[in-house]
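**Student:** got a predicted structure plus its sequence, pasted below:
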Amino acid sequence: ETGVTQSPTHLIKTRGQQVTLRCSSQSGHNTVSWYQQALGQGPQFIFQYYREEENGRGNFPPRFSGLQFPNYSSELNVNALELDDSALYLCASSAYRPGELFFGEGSRLTVL
Amino acid sequence: QQQVKQSPQSLIVQKGGISIINCAYENTAFDYFPWYQQFPGKGPALLIAIRPDVSEKKEGRFTISFNKSAKQFSLHIMDSQPGDSATYFCAASYNNDMRFGAGTRLTVKP
């Protein structure tokens, strides 16, 4: 059974640029959630996708957007990057039991 | 967004001791309360979870105590080991929205 995989693991961008982060969900999981984890903080819920539709969103601006594909993999897109967007972005997949999230190792984004 | 308050921020325990981490939540709609363990450079891993219809759940050395009326829950790690040194997050969820505490950095000294 393959776990949640994310890419890239690290990346550096400058203010105003755009970034796309990718996530492959665990086998058999049809729901993907994205979280932002700032240094020393708990993960903050960005949004969730279920069967290619957004299925809940946290308190993040519209420049954070996402996609889920038919194979349940997902992308997180962030436009007009700001310095405060520097964080670890975590993808989590889940199956039929809400709340049982399985996290990937994250993508570390640094905005200069 | 902070709806789950976690304490302490950091904790140092001797090997063999008991580690206790506490969390309090605000939203009574929350119906699932997991604890996650995170090692440096890794994503959080589900450790143990409880639903509000029970007051305690034990899995090996890990126990969750849940007090619905006080809107509080805690993680107890018995016989703490150096390998337990990590950051622990409590969380609470309802439907598709999971809120995390700010984390507790646990250090278990040999």
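**Tutor:** Sure, I can see it. Residues are numbered from 1 along each chain as shown, chains lettered A, B, ... in the order given.
**Student:** need the phi and psi values for A:Leu81.
**Tutor:** phi -50, psi 140 (degrees, to the nearest 10).
**Student:** got a list of what it touches?
**Tutor:** Taking CB atoms under 8 Å, 6 or more residues apart in numbering or on different chains, we find A:Leu81 in contact with A:13-19, A:111. Backbone N, C-alpha and C define where each C-beta goes, glycine included.
**Student:** return the closest of the residues you listed with respect to chain B.
**Tutor:** In terms of CB to the nearest CB, no member of the contacts of A:Leu81 lies closer to chain B than A:Val19, at 18.6 Å.
**Student:** quickly find the element holding A:Arg22.
**Tutor:** strand A:19-24 (DSSP states H and E).
**Student:** before we move on, the earlier item: show me which of the contacts of A:Leu81 are buried.
**Tutor:** A:13, A:19, A:111 (16 or more other CB atoms under 10 Å in any protein chain shown).
**Student:** give me the pLDDT for the last one.
**Tutor:** Note for A:Val111: predicted pLDDT of 97.
**Student:** related to what we said a few turns ago, in helices only, show me the contacts of A:Leu81.
**Tutor:** Among those, no member is found in helices (DSSP state H).
**Student:** show me these that map onto strands.
**Tutor:** A:13, A:19, A:111 (DSSP state E).
**Student:** closest to A:Ala92 among those residues?
**Tutor:** A:Val19 (18.9 Å; CB to CB).
**Student:** surely the closest one touches A:Ile12?
**Tutor:** No - using CB atoms under 8 Å, A:Val19 makes no contact with A:Ile12, being 9.9 Å away.
**Student:** overlap in contacts, the two.
**Tutor:** A:Leu109.
**Student:** just after the worst-scoring helix or strand of chain B on mean pLDDT, pick out the following helix or strand.
**Tutor:** Every helix and strand of chain B was ranked by mean pLDDT, DSSP states H and E. The lowest is strand B:97-100, at a mean of 87. Note on strand B:97-100: by DSSP H and E, the next helix or strand toward the C-terminus is strand B:104-109.
**Student:** and that next one, how far from the chain's centre?
**Tutor:** 13 Å (CA atoms, centre = their mean, to the nearest Å).
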